[in-house]
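J.: here are the coordinates; sequence isn't available:
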């Protein structure tokens with residue numbers, strides 16, 4: 001029967017503690033302080049950290065994200081396949097996956113506010129009718145929440161210190177703030193790659209004739225239709 005006082009093997013303890021988020025440096029200090037051989041501790045931790053890096057490099061979600069990043073910066077399918085093969089993916093499945101990701105990236109559409117390439121399913125229409133990415137939409141939600149908070153505070157101040165007239169005035173001001181739309185002011189032009197869109201009424205009549213007749217918003221630089 002094994003002694004209940006015997007410590008678990010060093011490697012097993014190191015694996016469990018690494019899984020819990022402890023760093024290799026922390027574990028080295030800890031194990032050496034517990035009386036383990038510094039050389040053995042260093043060898044075990046070096047092996048486990050190398051295995052961690054290898055596993056992270058082969059994570060499918062990470063690999064797909066890296067491939068998207070590469071394609072958006074002009075990489076070819078061969079470039080992405082070479083990256084996959086370099087981390088240990090066999091070439092045939094690497095090429096099939098790279099082609100699939102390339103097709104998905106080709107379908108991305110720019111956020112009509114910041115221009116970030118975005119999967120069509122992730123675009124959200126803002127209050128001005130433009131399709132924006134999750135980041136821009138989140139900023140809108142935060143801004144509207146802050147506006148509603150200011151509106152409530154104004155109503156409270158008006159009710160406490162301004163009498164009926166002050167309360168009515170504060171209520172009107174707070175309603176104006178709460179209903180203020182957070183919208184896209186200058187939509188993104190995919191041709192010029194900058195937020196240079198304006199409403200067609202901003203163009204001089206002579207310039208307006210060269211615009212797409214169906215355009216409501218166009219780029220002030222190149223005249224391309226935006227919406």
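T.: Yes, it's here. Everything numeric here is computed off the predicted structure, so don't read it as measured data.

J.: next SSE after the lowest-mean-pLDDT helix or strand in the chain?
T.: Lowest on mean pLDDT, DSSP states H and E among the helices and strands of the chain sits helix 163-178, with a mean of 55. Remark: after helix 163-178, the chain's next helix or strand is strand 197-199, criterion DSSP states H and E.

J.: following element in sequence after that following strand, please.
T.: Using DSSP H and E, the next helix or strand after strand 197-199 towards the C-terminus is helix 205-208.

J.: which parts of that following helix are buried?
T.: For helix 205-208, a neighbour-count test (16 or more other Cβ atoms under 10 Å) marks nothing as buried. Every residue, glycine included, has its C-beta placed from N, CA and C.

J.: contact partners of that helix?
T.: With Cβ atoms under 8 Å, 6 or more residues apart in numbering as the test, helix 205-208 has contacts from 200, 223.

J.: hmm, 10 Å instead?
T.: If you take Cβ atoms under 10 Å, 6 or more residues apart in numbering as the criterion, helix 205-208 is touched by 200-202, 215, 218, 220, 223.

J.: max pairwise distance over those residues: which two?
T.: Maximum pairwise distance in the contacts of helix 205-208, criterion Cβ to Cβ, is 14.2 Å, between 201 and 223.

J.: how close does the residue nearest the centre of the chain get to residue 190?
T.: Note on the chain: the residue nearest the mean C-alpha position is residue 135, at 6.5 Å, using Cα atoms, centre = their mean. Relative to residue 190, residue 135 is positioned 18 Å away (Cβ to Cβ, to the nearest Å).

J.: residue 95 too?
T.: Distance, residue 95 to residue 190, using Cβ to Cβ: 29 Å.

J.: for residue 183, same thing?
T.: As judged by Cβ to Cβ, residue 183 and residue 190 stand 19 Å apart.

J.: and for residue 52?
T.: 41 Å.

J.: same question for residue 43.
T.: 54 Å.

J.: ok, which stretches of this structure are strands?
T.: Assigned by DSSP state E, the strands in the chain fall at 109-110, 117-118, 124-125, 131-132, 197-199, 217-219.

J.: could the ones you listed go into TSV alongside mean neighbour count?
T.: Below are the strands of the chain laid out as TSV (neighbours: other Cβ atoms under 10 Å):
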stretch	mean neighbour count
strand 109-110	16
strand 117-118	18
strand 124-125	14
strand 131-132	24
strand 197-199	19
strand 217-219	24
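
J.: TSV for the ones you listed, including mean pLDDT?
T.: Formatted as TSV, these follow (pLDDT from 0 to 100):
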stretch	mean pLDDT
strand 109-110	91
strand 117-118	92
strand 124-125	92
strand 131-132	94
strand 197-199	93
strand 217-219	93
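
J.: relative to residue 8, which of those strands is closest?
T.: Short answer: strand 117-118, nearest of the strands of the chain by Cβ to Cβ, at 48.3 Å.

J.: for the closest one, packing partners?
T.: helix 60-72, strand 109-110, helix 134-161 (3 or more Cβ pairs under 10 Å, 6 or more residues apart in numbering; DSSP states H and E).

J.: distance to residue 211 for the ones you listed - can I get that in CSV?
T.: Below are these laid out as CSV (distance: least, Cβ to Cβ, whole Å):
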stretch, distance to residue 211
helix 60-72, 30
strand 109-110, 20
helix 134-161, 25
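
J.: thanks a lot, see you next time.
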